[in-house]
Structure formats: structure tokens, C-alpha cells
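Asker: Got a sequence here, can you model it:
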Amino acid sequence: MSHQPVYDFSGRVAIVTGGTRGLGRQIAARLASSGAKVAICGRNQPDVLPAGVSFYQADVRDADQAKAFVDAVAKDLGRVDILVNNAGGSPASDVASASPRFIDAILKLNMVGPLYMAQAAYPHMVAAGGGSIINIASVSGARPSPGTAVYGMAKAGMISMTQSLAQEWGRDAVRVNAIIAGLMTTENAEATYGDAEAQAAVGRSMPLGRMGTGDDLAGAVLWLSSDDAQWVSGARLQVDGGGERPYFLDLVKGG
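Answerer: Residues are numbered from 1 along each chain as shown. Got it, this is the predicted structure:
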């Protein structure tokens, strides 16, 4: 789907973690098409980058690498205005068999890494006169997440962090918001939702009749990054197509 830019981010610099593929790549591309200079990071450089997007090698789970990445972006591109903490995810794992190493890795990727990135971006945003940090959270952090409980814990922590940082950093015009993403189609959708037929069934169960896309997520990111949202901070914006249908209704006669 092609989009005419709705917002003009000319002169602004955005960082998108996890921007080498999937939802993050689509967010980065939309920001770039709206005029922003965009930096993404990862452990391996993708073969092709969207126009206006630069790649930096970094592992955001490491505090020193996160800081070095953000400092390099500020030096190379002149400033930091927008940070999208998008990197995350988790394979399925029940808690009883989750190893300490697995738990540590999931918490670092989904909660601690975003905190490192926010810490690194904060002084550059203050120097720029303000900024917008957007944490891509999940419905898993706002309701039970059986089978991915550690991931749900991490995303719940991210939501809490969002509201606390919004209060700590608001006086410096640094806005911090969270997007609670619902069921999304991604490159790895089959691993989560099953084959195309199963995904279609999941989509039909949603109030808006389909699963979410990278464009849905990117649209919310652009709004939260824009001046239209200049008095929005500490918010938990649900981008979930109306939410998941409560399972018990399917067990009730006439549900």
C-alpha cells in the first residue's frame, strides 16, 4: 500500500530499533517517506535499505552498544528527535521449562534494551529542545499471556516504564508513549497464528475484520511523533482493531 505523506518530518532524525525487517522496517520506511532522516540498527545489515534509512550495527540489549549507537546517530545526522523502541519478540515457552538464560534474554530484548535506548536518547532530545519516545508494547503486556508469560512480563514492564518516564522527562519536553499492538501480520505470522487459513480466521474474529499490518502501526507512530500529539505523553494507545473477542462468549449459547 502506498501512502502520500500526511506529516512533514523534514529536519528531524528518527531511530527505529528492530528496523531491518517486518513491522520495524515498515515504520522506518514511513518515517523516511515523511521527510525524516532515519537510523535503524541490528546485528546484521540488510541487503536493501529503504530510501532515507541508514543502518548501524548494534545490539540494544547491551547498554554500551545502545549508547554508542545513539551517540553515533546524533553525530552523523545532527540530532535525535524520535525514538521508536520496536525491537522485541519471543518464541513460545511455558514458564515451568523456561531457563534462566531464556528469561534473561527475553527481558533484556523487550524491556531492558528499550530502557537503555531511552536513556541514551534522552540527553540528545533535551539538546534538540524535546523529543518523542514511542515504545511498541503488546496486548501480551496488558492481559494474560499464557505460553509467552516472560514476554508478557517484559511488555508490562515497558508499559510501566513509559508512564514513569513521561512524568520524569516531561519538563524537558520529552514525550514518552506506548503503543499496545494487537494481533499483527508479520513475516513470521505462521509461527504464531498458523497457516493462511488460520490467520484469516483470526482476522475474522477481530471487530474490524482483519489482523493489523505494519502500516497500521506506522500510522500510529507518525501521529505520536507529530506536533498533533504534542500534549500526549504517558499514553497507552491501543492499536488492536477493537480488541480480541472474549473466548467465553463462544462457549455461551447464542454467543
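Asker: so who does residue 236 touch?
Answerer: Residues counted as contacts of residue 236 (Cβ atoms under 8 Å, 6 or more residues apart in numbering) are 137, 142, 159, 162-163, 177-178, 180. The C-beta positions use only the backbone N, C-alpha and C, and glycine is treated the same way.
Asker: Just those: which are in strands?
Answerer: Secondary structure from DSSP state E places 137, 177-178, 180 of these in strands.
Asker: okay if I get those as CSV plus neighbour count, pLDDT and distance to residue 122?
Answerer: Listed next are these as CSV, based on neighbours: other Cβ atoms under 10 Å; pLDDT from 0 to 100; distance: Cβ to Cβ, whole Å:
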residue, neighbour count, pLDDT, distance to residue 122
137, 31, 95, 19
177, 25, 98, 15
178, 29, 98, 17
180, 23, 94, 23
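Asker: tell me which of the residues you listed is nearest to residue 80?
Answerer: Proximity of those to residue 80 (Cβ to Cβ) peaks at residue 177, which lies at 16.5 Å.
Asker: surely that closest one meets residue 238?
Answerer: No. The pair residue 177 / residue 238 is not scored as a contact, 11.7 Å apart, by Cβ atoms under 8 Å.
Asker: ok so, going back, nearest to residue 75 among the ones in strands among the contacts of residue 236?
Answerer: The closest of the ones in strands among the contacts of residue 236 to residue 75 turns out to be residue 177 (Cβ to Cβ; 26.6 Å).
Asker: quick one: low-confidence parts of the stretch 51-200 of the chain?
Answerer: For the stretch 51-200 of the chain, the stretches with pLDDT under 70 are 186-195, 197-199.
Asker: hmm, try it at 50
Answerer: For the stretch 51-200 of the chain, not a single residue meets the criterion pLDDT under 50.
Asker: would you list every one of the helices in it?
Answerer: Under the criterion DSSP state H, counting those that start in this stretch, helices of the stretch 51-200 of the chain are mapped to 63-77, 100-107, 113-127, 149-169, 189-193, 196-205.
Asker: so who does residue 183 touch?
Answerer: The contact partners of residue 183, by Cβ under 8 Å, 6+ apart, come to 139, 193, 202, 206, 211-212, 240-241, 244.
Asker: let's see it at 7 Å
Answerer: 202, 206, 211-212 (Cβ atoms under 7 Å, 6 or more residues apart in numbering).
Asker: So which of those are in helices?
Answerer: Among the contacts of residue 183, DSSP state H puts residue 202 in helices.
Asker: Kindly reformat the contacts of residue 183 as a markdown table containing distance to residue 229, neighbour count and pLDDT.
Answerer: Formatted as a markdown table, those follow (distance: Cβ to Cβ, whole Å; neighbours: other Cβ atoms under 10 Å; pLDDT from 0 to 100):
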| residue | distance to residue 229 | neighbour count | pLDDT |
| --- | --- | --- | --- |
| 202 | 30 | 18 | 70 |
| 206 | 25 | 18 | 77 |
| 211 | 25 | 22 | 78 |
| 212 | 20 | 21 | 78 |
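Asker: how about the contacts of residue 183 in CSV, adding distance to residue 94?
Answerer: Below are those laid out as CSV (distance: Cβ to Cβ, whole Å):
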residue, distance to residue 94
202, 21
206, 26
211, 25
212, 26
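Asker: closest to residue 12 among the contacts of residue 183?
Answerer: residue 212 (25.4 Å).
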